[in-house]
Each structure stands twice: as C-alpha cells, then as structure tokens.
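> this one's sequence-less:
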C-alpha cells in the first residue's frame, strides 16, 4: 500500500539577478530582473506504508525542496503529491497530524525547558487526550530510555540525548510517517548505533514509515531497504540497498600510518594518497579480500595507526551521476 505518491513534480524559483558595478546595483533596485531556477525537475516516486526509505543526494540537489513540498511548507510549480491520502499544499494542517519531522538544527523542543514540558505542550497542540498523552509519554520514556532526561533543560543535554528526545517528540502524536533529516550527524559511533536501533524498533513496533535523508552511508546500509538518489533536481537512481551495495558501496578506504617510510607497489595496492609514512589505500571488496589486504599492509612494517572507512557518500553519488550522464538518460527505476 502506497503512503506517499509523487508524480512529475517540478519546483521553480525566481531569483533576482544583479549586474556588476554601482550602476548595476541601482538598476537592480529600480528595475529588478529575475531568472528562473528549476530546483526540482520531473521527480516521480512512491513509498510503501511501513518502508524505511533513504532519500539522498549532495547539498543543493533538491532534497530539502522536495521534502518541503511533501510536508506542505512549499507548493509545487507543477506535478502531483499525495501523502497519507492528502494533498500537502491544500491540507497542510490536517496532514500535520499524520506526519512527524526531525530536521537538522530546527528543534521542536523548547531550548530552556525540560523535555517533559515540551511533550505536554506538543500534546496540547495535537489535541491529545490527557490520559492518552500520559500513557504515550510513559511509553516513549521507556522505548527511548529518556526517563532520567525528562526534567533536565534541553540546553544541558548532550547532542545524542537531545536527538533521542527530538525523535520521541516527533512521534508523540503517533504519526504514520516521520521525516528524519540527518538524525545521526555529529554523533559518535556508539550513539549513532543507539539512534539507528531506536529507528528500527520504531519501524518494527509501530509500523511507522521512515523517510530518511543522510550523508552517512552507515545509516543507509543499516536502516534502509531502498534508496532514491537525487542530483541537480532529478532522480538519478532508485533501487534497492542490496543492489546499491553490490554496485556502488563495495569500496573501503584503509588509512594506515607506519613508524617509518614504506614503499608500496601501485600494482599491489590502489594507493590513492601517500605522504611520508602515511598511506590511504582503496579496496574493492567485490574482488578483493579486505582481510588479506590488511594482513599484507600490516606485514609491510610496524603500524602506528590504522582505520577502515567508507568513501564519502558524496563521492558515491558523484560517481553514479557521472555514470548515468554518459548514457542517453537517467537510470531510474520507479
């Protein structure tokens, strides 16, 4: 069952232009000129009820514009959107009872108040029955493990603690869909995993549809079954995470530092950066055994430090975009 339907969506903005120099500045005030910018161009996709979907792309790709149209903040120039059976542009208030949002630094918790006060205020905003609100808050305190945080002013919470409270606040009214924008950004490895576990539990226990944006490939791999990649306002890829991992997420980067200078043969390893005793090696896990590569690198000399990471998601998206641009069109699976 589809809970989100987007068809042939366009969004154009008029941007004021200014010629260089003083005369240009004066003319732009007296007789302003505008140019049209197409932020979203013929975007179509659907989301199934209960799905966890990754909606990803580089900065300026059109992600935020699309989401703002889906939540009713912006109106589309053209196209069709249906979210939870409603048109966001025409039924924004009614839709707000069916969706929750956690967007970047835009907190829905009052900064100087403890979370419990924000929860009670939000409950009143959503016209929740007092007994139902109390039960819901008790449930959220347990599932998000925030009992001990409820009376501490939000400004005194750590980032990880605040994010847990933010997500809890966003589902206080039991929405069908929650939009999460970078929920693990700035968090350490342990806290990131805790947040991911909470999102999975929320999806499993309440069947909440999760619409996720993230620049962290770990979020996408661990949480989502499908990813939509948008770039320059257009969808360039729409496929399962399984296929995405097989085709594009099969690279690992090993950063290794020795206690002295080491000579490595380029034919042995794909060395992408080298400086003194430090090396950065890329491994294609689809045809190389990462354990064998690690053992070989370690045997080259005394190792002072070593880390394994994924390539930046921006690099992966750029690679996909360039690959698709070589053809006659875009590789889109609706």
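Thanks, I have it. Model, not experiment: these values are computed from the prediction.

> all contacts plus neighbour counts: C-alpha atoms, from now on.
OK.

> Give the ranges of residues in the stretch 51-200 of the chain that sit below the confidence cut-off.
Confidence mapping of the stretch 51-200 of the chain against pLDDT under 70 gives the ranges 104-105.

> ranges for the strands of it?
For the stretch 51-200 of the chain, applying DSSP state E, counting those that start in this stretch gives strands covering 52-56, 78-83, 99-103, 177-181.

> The third one - contacts with which helices or strands?
To tie it back to what came earlier, the one meant is strand 99-103. Based on contacts counted as 3 or more Cα pairs under 8 Å, 6 or more residues apart in numbering; DSSP states H and E, the elements that strand 99-103 packs against are helix 159-170, strand 177-181.

> same deal with the second one?
Applying 3+ Cα pairs under 8 Å, 6+ apart, one finds that strand 78-83 contacts strand 2-17, helix 63-70.

> contacts for the shortest one?
Spelled out, that is helix 63-70. Counting by Cα atoms under 8 Å, 6 or more residues apart in numbering, helix 63-70 makes contact with 11, 39-40, 55-57, 74-76, 81-83, 88-89, 213, 230, 233, all of which sit outside it.

> 6 Å instead, please
74, 75 (Cα atoms under 6 Å, 6 or more residues apart in numbering).

> elements contacting the longest helix seen in the chain?
Scanning the chain for the helix with the most residues, using DSSP state H, yields helix 189-206. Secondary-structure packing of helix 189-206 (3 or more Cα pairs under 6 Å, 6 or more residues apart in numbering; DSSP states H and E): no helix or strand packs against it.

> Buried residues, it. List them.
191, 192, 193, 195, 196, 198, 199, 200, 202, 203 (16 or more other Cα atoms under 10 Å).

> How about stretch 131-141?
Counting neighbours by 16+ other Cα under 10 Å, one finds that the buried residues in stretch 131-141 are 133, 136, 137, 140, 141.

> The residue nearest to residue 316 when sequence neighbours are not counted: how many residues sit nearby?
Across the structure, with Cα to Cα, 6 or more residues apart in numbering as the measure, the residue nearest residue 316 apart from its sequence neighbours is residue 248 (6.7 Å). Residue 248 is surrounded by 15 other residues when neighbours are defined as other Cα atoms under 10 Å.

> Roughly how far does residue 248 sit from residue 234?
Spatial separation of residue 248 from residue 234 under the definition Cα to Cα, to the nearest Å is 19 Å.
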